[in-house]
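[1] Just the structure for this:
(4 chains)
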Amino acid sequence: MENLIALLVAAPLLGAVVLLCGGRRLDRIGHLLGTVLAAASFVIGAVLFVDMLGKGAEERTFTQHLFSWVPVEGFQADVGFQLDQLSMTFVLLISGVGTLIHIYSIGYMEHDERRRRFFGYLNLFVAAMLLLVIADNYLLLYVGWEGVGLASYLLIGFWQHKPSAATAAKKAFLVNRVGDMGLSIAIMLMFTTFGTFAFGSVLPSATDASEGKLTAIGLMLLLAACGKSAQVPLQSWLGDAMEGPTPVSALIHAATMVTAGVYLIVRSGVIFNAAPDAQTAVTVVGAVTLLFGAIVGCAKDDIKKALAGSTMSQIGYMILAAGLGPIGYVFAIMHLVTHGFFKAGLFLGAGSVMHGMNDEVDMRKYGALRKYMPITFATFGLGYLAIIGFPGLSGFFSKDKIIEAAFAKGGTEGWILGGVALLGAAITAFYMTRVMLMTFFGEKRWENDADGNQPHPHESPRSMTIPMIVLAFGSVFAGGIFGVGDRFLKWLEPVTGHAEGDSPVSAMTVTAATMVVLVIGVGIAWAVYGRRPVPAVAPRGSLLTRAARRDLLQDDFNHVVLVRGGEHLTRSLVYVDHTLVDGVVNGTAASVGGLSGRLRKLQNGYARTYAVSMFGGAAIIIAATLLMRAV
Amino acid sequence: MTGLAAAATTTSTGEALQFWVLGTVAVIGALSTVLMRRAVHSALCLAGTMIILAVFYLANGAYFLGIVQIVVYTGAIMMLFLFVVMLVGVTAADSLQETIKGQRWLAVACGLGFGVLLIAGIGNASLTHFNGLGQANAAGNVQGLATLIFTKYVFAFEITGALLITAAVGAMVLTHRERTERAATQREMSEARTRSSHLPPLPAPGVYARHNAVDVAGLLPDGTPSELTVMQTLRQRGQIRDVSSEALADLKALEQRSEDRLGRGHDSSPREEEEAAK
Amino acid sequence: MSFPLLTATAALPAVGAIATAAVPAARRTAAKWLALLVSLGTLVLGAIQLVRFEPGGARYQLTESHAWIADFGVRYELGVDGIGVALIALTALLMPFVILAGWHDADPLETHNSRWRPTQGFFALILAVEAMVILSFEATDVFLFYILFEAMLIPMYFLIGGFGDRAHAGGDEAAATQRSYAAVKFLLYNLVGGLIMLAAVIGLYVVAGTFSLSEIAAARANGSLDMATNTERLLFLGFFFAFAVKAPLWPLHTWLPNAMGEATAPVAVLITAVVDKVGTFAMLRFCLQLFPEASKWATPVILVLALISIVYGALLAVGQRDIKRLIAYASISHFGFIILGIFAMTTQGQSGATLYMVNHGISTAALMLVAGFLISRRGSRLISDYGGVQKVAPVLAGTFLIGGLATLSLPGLAPFVSEFLVLVGVFSAYPVVGIIATVGIVLAALYVLVLYQRTMTGPVKESVRGMPDLKVRELAVVVPLIALLVFLGVYPKPLTEIINPAVQHTMSDVQKHDPKPQVEAVK
Amino acid sequence: MNPVNYLYLASLLFTIGAAGVLIRRNAIVVFMCVELMLNACNLAFVAFSRMHGNLDGQIIAFFTMVVAAAEVVVGLAIIVSLFRARHSASVDDASLMKL
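    I've put the predicted structure just below:
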């Protein structure tokens, strides 16, 4: 049974290779092939899951060693897989949501002539993401880590003819590379500290290492997580990544890839547990991003960018939870899974709306769509309720637990983190209500597109609505299934460990507070966007709004400091290379040339002159010989 | 074989006398070779020096070389030189004026330095012990050389043979002129002649001239000298003597003198001015 | 006596070069096929070497030794260790692709007269370079190596100066001027390095009394050869300078962008993927083995220079406007990594560096040759003349992207393995250096993606409209290279197994050991 | 008299010949001076032969003569063809050995 693990990756990888190398012949069946292979992965995952359930908690770790990858003396990197409860959770999420989005894409990309290639990239992504979560060592994880980065790059830039898409793709890859730098340094640190980087060796012996080393490793892992999960300060790529096709945003930039950072931190929990400073850094990053994303999400008029801000913010919750240590690991993962459902559903809903509105993304040009797209409205609405934490839906269970855990951190820290988490919940309620109201309620503010076509909103084809319905089910019930009876906690505890914090406030109080802020958030949003008509042109807004529209000036900072600064740096270096470094070389050559120009005049062409120098030379040699003999 | 004994260990008074007298002559001959303005004189001086050297060879017990020096070197090689000198122009005298700046200074300085160094080197070396050639020449000098040449140096000897052949071929190649086009037939030559401006026979040397030497160009009817009348070799050497102005100069000198005598110093006729301008 | 495999591997292309040069003017195509067949034959011989080489056996294998210049103790001594055999395999492997890629690069123009035979010359020169490079990887006699090290400049000079891109922004006149400038610069720069090395070679002979690597090593081992510290340092610097020019290391790099920019793409590949490797190879084989103490003495400075190379090369690559010069600067950055790995003096660093040499050869060849195909279509090397190629020639764009991804060391492709090994090796010995070097991987992503974005994406430019996609010949060049990149990225073990023992020997030469991990981790 | 004097004479003649090569412009005279130098060498060889008591020196002198003969043949041929081409036997006229 354990030998099936490799097939999890192999199936979609095969799909990617066949679809990308197969050429036009596969255009007609490419999308089906891709979907089938993604589904195969899910089936294998489910089989393994069932098998795993049948075993005791201690025997639930499956391993498979394929071959020795890079053996160089002490450096032994293997290609081997480890499938435990944590990985299993991810495998099911990735292959499950992945398959749904494959199905959705069949309809969404129907009119794109490069659909085959799109499915190839999607398969590549699924393969890399699965590799990431089932790798049994950090280096192989790194392969998957960069692999998803590549797939993300290819998919964001899928519509390459748009310069904005190409730029966004490049930006995503570059920012991720900065994070990857962290991961590679972390691996190097592990190698020098432990002599290995396999989970099975590093994690059990982590506590033997000095705290300084562990803090360094932890911070580097955090840097990696920031890059991949779009956390401050490496969050700037996520908003731009919305240039990609919407299924991509749903799968990669909402449900799976961006949560890889959370996986990394939870997986390395032992290291963080022993390095409190690193943990604090994680919580700070999570808390800051939580607010940052939420504020950005409030100001965006582009529906996908608003959702992207929301993603950032929700992952901030997860990172915050992961930073809390054993109190929060399980809830981080639980929120990750529920978020995977409802955020994917929301994005697919957004895609469905865009599909019906001539690819218009500005919410100010939507309005009153609930009558035209009932299924989309329903599924989007359920996702909305889930994300704001409406009692009984999945977001309620997972987010509530995180807020509780934040308070349970204890001390001033606990109060601050808990407060931030509560505030975040309020803002979440606000911006999601805003999205909901601007899109589905109010009156029509539709406009013709650039080609003058009038929008004809209609419900999407079945291949698109079915995945949305399935995800909506997940959004509604996942939390209940996981949360009731602490099923999810028991499932994951053997891997991540769990501890109950000593919360200064009771669980009931937290839940009540959450409900209060939720109502406040929804209320404000309704007051602003529900009671009066939404202007079709965005008002100037307050200073904060304007800053938030520009990602809180982060992009301006990047542009001025990194882009412009980098341009100046490279330009001046090119100049230096040309004039200074090469100048020395050419100068030497020129001076030698000048000198020989002078010396050349000695060559007057008269043989007799040359004879004199020969004769003189002979005389000098004789003199030298005599002198040598004399000495 | 009396000379042999004398050359063996010591130098006789006779040899010393011979050395000092002939050596002086040899040095003078060498200097003359360098300093004579005419190549033919240089060649003759060199030949003299070489003969003296042949005598020295004999005195040093190198009988074979002495003879070879006279027969081959002086007899054959110097004659070859003389031939070429003839070809190039036996009467041509070189200017000894130096044209390259500093060349003479440097040459003299280098020569002096070189000579001084050589002589100092020889003086420095301990060359007191003389073995003499008595033993080596015991079976005869020619036989001794032959033994060496055909045993120890046989390869070198063979190679010099090849060298000589190569040299002979090389000389032929260098001096031989390949005819690059078909030889003109008599008809073509006559046609060319007809088209040229020299239909009548070419002037003979000395026609209308005041000299009958071969290197003096004949005068054309209008009084200008025609170089065509001089043989090609002289033309190429640039050895055409121009005597056209000599007569005028003579005439002018004559007139000058008569004028001086008649006391008409500064009053000259238009005709004279015209001639002076020429 | 057994079959002289090493001599044969070098002799085959040498003979092939002469034969190709002798092909009559009218039989151009025959010359091409001949060159291709010879290079394939060499590849077979290289593969036999790889198979016959026993990783666990003696340090130098398949050795041959004949007296050559007896008076100076110069011998014709050949032998390969794991590093050499890997690089020979790389050289033999790349040549057929170089020849195939340059199939039409040297066709005579209409204006040339019929006796002009550039095609024969081009392929003969390529084979001559191959012969000399292979022999230099095999030479275990310092003098023999020196001669080859210098001699390979001659065919390279003619390849750079004689054959350029068909179209040039400044017209034929400017193209010829710049080409000859580049060729002369290449030649002079390397000759200066070689001259200094010659002095050091003679110095070594004076000190050691022999040119034989094995004899010197033996003399060092039994203590009969004890160099004075200063002597050793001077000799080391003499050797290192020549290799640093060839490699090239900052600030001796400026000849490379000119040479690679002006040469045709196959020749540029020859420069950076094959000839320059001789420099880094020689650092590993000669500098470390002959002068271990001096190498350790110079390490800090060399590490700093290598770091500068990495960052500086990458930054300059970002600032380039010319595709080929960009790749050249990228190569400078990569050579910085290789030198860093060599002088980290850890097993991982040196194994990684050797692997890097092989992988860089393949990845640069892939990227450069595709760039060459691109340039040959449009006749311009300027990045700004392209845009949206992806739309009209997707296969070309795809292969270009894969070449670029290999250049930026994407995991799963071969260069990643080597780059990571180098980084780990450096980091375990010099953590700060390792961290700074890691910045290089971000910059690598920057220049590759900027290049890809500007040429391949965006709206289709008028000038690239109707550009044909890769043809069969071009695919035959690119696809095997990419397959190899993937294979070596996933399963580099066959190579590392050959390289590791050789690196162990080098490590024992310099008497260094890998630092021990602080914690004994459970297994 | 000491036979070393022959060596002094030889070096004197050699130096004179060398000076002649440097000073004279007429190719034929230059060539003659070269011959003078060769003869001076021969004299030295003969004297050495006597000094060492074997005939090797004479052999060398003999070979020198042979080579000189060959040299003269070729050299004069060159002078003649040079003269034909340039109508001059001056060595300074053939000053094309410069850029």
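
[2] Near B:Leu164, how many other residues are there?
    15 (other CB atoms under 10 Å in any protein chain shown). Every residue, glycine included, has its C-beta placed from N, CA and C.

[3] Then C:Leu5?
    19.

[4] And the residue in the stretch 301-450 of chain C that chain B sits nearest to, its phi and psi?
    For the stretch 301-450 of chain C, the residue closest to chain B is C:Gly379, as judged by CB to the nearest CB, at 47.2 Å. Backbone geometry at C:Gly379, expressed as degrees, to the nearest 10, gives phi 80, psi 30.

[5] again with A:Phe75
    Here is the backbone geometry of A:Phe75 (degrees, to the nearest 10): phi -90, psi 100.

[6] measure it to A:Leu131 for me?
    Using CB to CB, to the nearest Å, A:Phe75 is found at 20 Å from A:Leu131.

[7] same check, this time on B:Ala184
    Distance from B:Ala184 to A:Leu131, by CB to CB: 94 Å.

[8] next one: C:Val389
    To A:Leu131, C:Val389 is 31 Å away according to CB to CB.

[9] Name the spans of chain D whose pLDDT lies under the cut-off.
    Scanning chain D for pLDDT under 70 picks out D:94, D:96-99.

[10] now stretch B:110-123, how far from the centre of its chain.
    28 Å (CA atoms, centre = their mean, to the nearest Å).

[11] same deal with stretch C:234-242?
    The answer for stretch C:234-242 is 20 Å, by CA atoms, centre = their mean.

[12] go on, stretch C:324-342?
    The chain centroid and the centroid of stretch C:324-342 are separated by 10 Å under CA atoms, centre = their mean.

[13] Stretch A:132-139 too?
    On CA atoms, centre = their mean, the centre of stretch A:132-139 falls 17 Å from the chain's centre.

[14] Just the mean pLDDT for it, thanks.
    In this model, stretch A:132-139 has a mean pLDDT of 92.

[15] anything in it near chain C?
    Yes: counting by CB under 8 Å from any CB of the partner chain, contacts between stretch A:132-139 and chain C involve A:Leu139.

[16] now stretch A:264-280
    No: Stretch A:264-280 is not in contact with chain C by CB under 8 Å from any CB; minimum separation 11.8 Å.

[17] List the contacts of stretch D:50-65.
    B:7, B:60-62, B:64-65, B:68-69, B:72-73, B:127, B:129-137, B:141, B:144-145, B:148-149, B:153, B:156-157, B:160, D:3, D:38, D:41-42, D:45-49 (CB atoms under 8 Å, 6 or more residues apart in numbering or on different chains).

[18] Which ones among the residues you listed map onto helices?
    B:7, B:64-65, B:68, B:141, B:144-145, B:148-149, B:156-157, B:160, D:38, D:41-42, D:45-49 (DSSP state H).

[19] so where is the stretch 151-278 of chain B shaky, pLDDT-wise?
    Along the stretch 151-278 of chain B, the parts satisfying pLDDT under 70 run over B:198, B:201-212, B:221, B:223, B:238, B:243-244, B:247, B:264-278.

[20] quick one: the helices in it?
    Listed in chain order, the helices of the stretch 151-278 of chain B (DSSP state H, counting those that start in this stretch) span B:154-175, B:186-195, B:232-237, B:244-262, B:270-277.

[21] who wins for proximity to C:Leu485 among those helices?
    Closest to C:Leu485 of these, according to CB to CB: helix B:154-175, at 62.0 Å.

[22] pLDDT weak spots in the chain?
    Went with chain A since none was named. Checking chain A against pLDDT under 70 turns up A:1.

[23] that's the wrong chain, I wanted chain C
    Ranges of chain C meeting pLDDT under 70: C:1, C:109-116, C:165-171, C:523.

[24] which residue does it bring closest to chain D?
    C:Val184 (17.6 Å).

[25] Please list all residues in contact with the residue nearest to that residue when sequence neighbours are not counted.
    Distances taken as CB to CB, 6 or more residues apart in numbering or on different chains put C:Gly161 closest to C:Val184, at 7.4 Å, once the chain neighbours are dropped. Contacts here follow CB under 8 Å, 6+ apart; on that basis C:Gly161 touches C:179-180, C:182-184.

[26] The helix or strand that contains B:Leu80: which residues count as buried?
    Assessed by DSSP states H and E, B:Leu80 sits inside helix B:78-88. Residues of helix B:78-88 classed as buried by neighbour count (16 or more other CB atoms under 10 Å in any protein chain shown): B:78, B:80-82, B:84-85, B:87-88.

[27] and what of stretch A:492-503?
    A:492-496, A:498, A:501, A:503.

[28] quick one: which of the residues you listed sit in helices?
    Those of those mapping onto helices are A:492-496, per DSSP H.

[29] quick check, nearest of the residues you listed to chain B?
    A:Val495 (92.7 Å).

[30] Which residues are in contact with that closest one?
    A:84-86 are the contacts of A:Val495 under CB under 8 Å, 6+ apart.

[31] can you list the residues you listed in CSV and add distance to C:Tyr76?
    Output for the contacts of A:Val495, formatted as CSV (distance: CB to CB, whole Å):
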residue, distance to C:Tyr76
A:Asp84, 61
A:Gln85, 66
A:Leu86, 62
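
[32] Now do the SS call for the residue nearest to C:Val184.
    Applying DSSP: H, G, I helix; E, B strand; the rest coil to C:Gly161 yields a three-state assignment of helix.

[33] Setting the sequence-adjacent residues aside, check what's closest to A:Gly120.
    Distances taken as CB to CB, 6+ apart put A:Leu19 closest to A:Gly120, at 3.3 Å, once the chain neighbours are dropped.

[34] hang on, the one you found packs against A:Phe118?
    No: assessed by CB atoms under 8 Å, A:Leu19 is found out of contact with A:Phe118, at 9.0 Å.

[35] Of the two, which one has the most company?
    Counted by other CB under 10 Å, A:Leu19 and A:Phe118 do not tie: A:Leu19 has more neighbours, with 27 against 24.

[36] Which strand or helix spans the more buried one?
    helix A:5-21.

[37] Buried residues, that helix. List them.
    A:5-16, A:18-20.

[38] ok, now stretch A:265-276?
    A:265-275.

[39] buried stuff in whichever strand or helix holds the residue of chain C closest to chain D?
    If you go by DSSP H and E, C:Val184 is part of helix C:171-208. Under the neighbour-count criterion of 16+ other CB under 10 Å, helix C:171-208 has C:175, C:178-180, C:182-194, C:196-198, C:200-201, C:204-205, C:207-208 buried.

[40] neighbours around residue 477, how many?
    With no chain named, the answer covers chain A. Neighbour tally, A:Phe477, other CB under 10 Å: 16.

[41] hm, I was asking about chain C
    Look at C:Val477: counted by other CB under 10 Å, it has 25 neighbours.

[42] elements contacting the helix or strand it falls within?
    Applying DSSP H and E as the criterion places C:Val477 in helix C:472-490. Counting by 3 or more CB pairs under 8 Å, 6 or more residues apart in numbering or on different chains; DSSP states H and E, the packing neighbours recorded for helix C:472-490 are helix C:82-101, helix C:347-378, helix C:394-407, helix C:414-429.

[43] in the longest strand along chain C, what counts as buried?
    Across chain C, the longest stretch assigned as strand under DSSP state E is strand C:61-69. Buried residues in strand C:61-69, counted by 16+ other CB under 10 Å: C:61-64.

[44] now for the helix or strand just after that strand, which elements pack on it?
    Once the chain leaves strand C:61-69, the next helix or strand it forms, by DSSP H and E, is strand C:74-80. Other helices and strands packing on strand C:74-80, by 3+ CB pairs under 8 Å, 6+ apart, are helix C:5-21, strand C:61-69, helix C:118-138, helix C:142-151, helix C:213-221.

[45] Contacts for strand C:74-80 next, please.
    C:6-7, C:49, C:53, C:60-68, C:88, C:135, C:137-141, C:143-144, C:211-214.

[46] same check, this time on stretch A:540-552
    Contacting residues not belonging to stretch A:540-552 are listed as A:235-236, A:239, A:292, A:295-296, A:298-301, A:538, A:553, A:556 [CB under 8 Å, 6+ apart].

[47] Thanks a lot, catch you later.
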